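S.K.: predicted model and sequence follow; I will ask about them next.
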Amino acid sequence: MKIGKYPIILDDVVLDFPFHNAGKTTIQKQFLSLFKGNNKKWFRALAGIDLRIKKGSVVGIIGDNGAGKSTLLRVIGGIYRPDRGRVIVDGKVILLASLGLGFSNDLPGRENIYLTGGLIGMSEEEIAGKEQDIIEFSGLNNFIDAPLRTYSSGMRARLGFSIACHSKPEILLLDEVFSVGDYEFRRKSKQKILEMVEGETTVVVVSHSIQTLEEICDRIIYIENGKILMSTSKKYAIELYKRK
């Protein structure tokens, strides 16, 4: 199927998660449960999501904690497989959560650039050619050879975002990345996203920062209890969310 102008398509996507009982489960209880059938309780994390996202657009996702924002992002990123429905994603995808891209705490920042860059499909030569640009954009010149375990959450986010952007993804998924950065990081990041969109990168952002989303997004999706309540108007999605 040729995707055309919609690199992200979701049709009637449903995803269920099991409830986990609080407290400890003994080995005896686990063994007995094998003979009791499937009596797990489930909750619907995503309920019939229909979505089309245009190429080269910046789309924000808002909603309360537990509404399904991050779950939706991970379905798009291929981390979760839906129980029902269709997910079609056309292009190189990078999912960046607030604390990075799967860094190693024992390695210094510089070596994490090569480790993470390799994991997301960059060649060693490509990483070497962009190493200094990545470091300068992150603003971590004085800390790049320190172990990652000494980095704050904001420093990790800056490094992860810089690696992700310089890998030239066709689809960039950001989960609360802006919540851990300082003002300068957020300013640079927003400017970088706008530059990437001009190059036809598609960006999907989960954030509680309404101001940030208003500034950079073409469209904002409001999700509640796993359902999209508003996806056609940025203005009304924000108004609906604020009335909660």
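M.R.: Noted; the coordinates are in hand.

S.K.: neighbours of residue 47, how many?
M.R.: 16 (other C-beta atoms under 10 Å). (C-beta placed from N, C-alpha, C; glycine too.)

S.K.: I figured it hits residue 224, correct?
M.R.: No. Look at residue 47 against residue 224 with C-beta atoms under 8 Å: they stay out of range, at 10.1 Å.

S.K.: residue ranges of the helices in the chain, please?
M.R.: 27-33, 69-76, 109-119, 124-138, 153-166, 183-198, 210-216, 234-242 (DSSP state H).

S.K.: outside of stretch 140-154, which residues touch it?
M.R.: For stretch 140-154, contacts defined as C-beta atoms under 8 Å, 6 or more residues apart in numbering pick out 98-99, 103-110, 112, 135, 138, 155-156, 158-159, 180-182, 185.

S.K.: again, only this time at 7 Å
M.R.: Under the contact criterion C-beta atoms under 7 Å, 6 or more residues apart in numbering, stretch 140-154 has outside partners 98-99, 103-110, 112, 135, 155-156, 158-159, 180-182, 185.

S.K.: mind checking the end-to-end distance for that stretch?
M.R.: By C-alpha to C-alpha, to the nearest Å, the extent of stretch 140-154 from end to end equals 11 Å.

S.K.: now it: buried residues?
M.R.: By 16 or more other C-beta atoms under 10 Å, the buried positions in stretch 140-154 come out as 140, 143-144, 148, 151.

S.K.: okay if I get these as JSON lines plus distance to residue 199?
M.R.: Shown next, in JSON lines, are these (distance: C-beta to C-beta, whole Å):
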{"residue": "140", "distance to residue 199": "24"}
{"residue": "143", "distance to residue 199": "29"}
{"residue": "144", "distance to residue 199": "26"}
{"residue": "148", "distance to residue 199": "29"}
{"residue": "151", "distance to residue 199": "29"}
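
S.K.: looking at these, which is nearest residue 87?
M.R.: Minimum distance to residue 87 across the buried residues of stretch 140-154 is 32.2 Å, recorded for residue 148 (C-beta to C-beta).

S.K.: between the helices of the chain, which one is nearest to residue 94?
M.R.: Using C-beta to C-beta, the nearest of the helices of the chain to residue 94 is helix 153-166, at 4.9 Å.

S.K.: state the mean pLDDT of the closest one.
M.R.: Helix 153-166 carries an average pLDDT of 90.

S.K.: returning to what we had before: give the residues shared as contacts by residue 47 and residue 224.
M.R.: Counting by C-beta under 7 Å, 6+ apart, nothing touches both residue 47 and residue 224.

S.K.: where does this structure have low pLDDT?
M.R.: 1-4, 20-40, 98-101, 181 (pLDDT under 70).

S.K.: give me every residue that touches residue 213.
M.R.: Counted by C-beta under 7 Å, 6+ apart, residue 213 has contacts 60, 62, 205, 207, 220.

S.K.: specify which member of those residues is nearest to residue 77.
M.R.: Of these, the one sitting nearest to residue 77 (C-beta to C-beta) turns out to be residue 205, at 12.9 Å.
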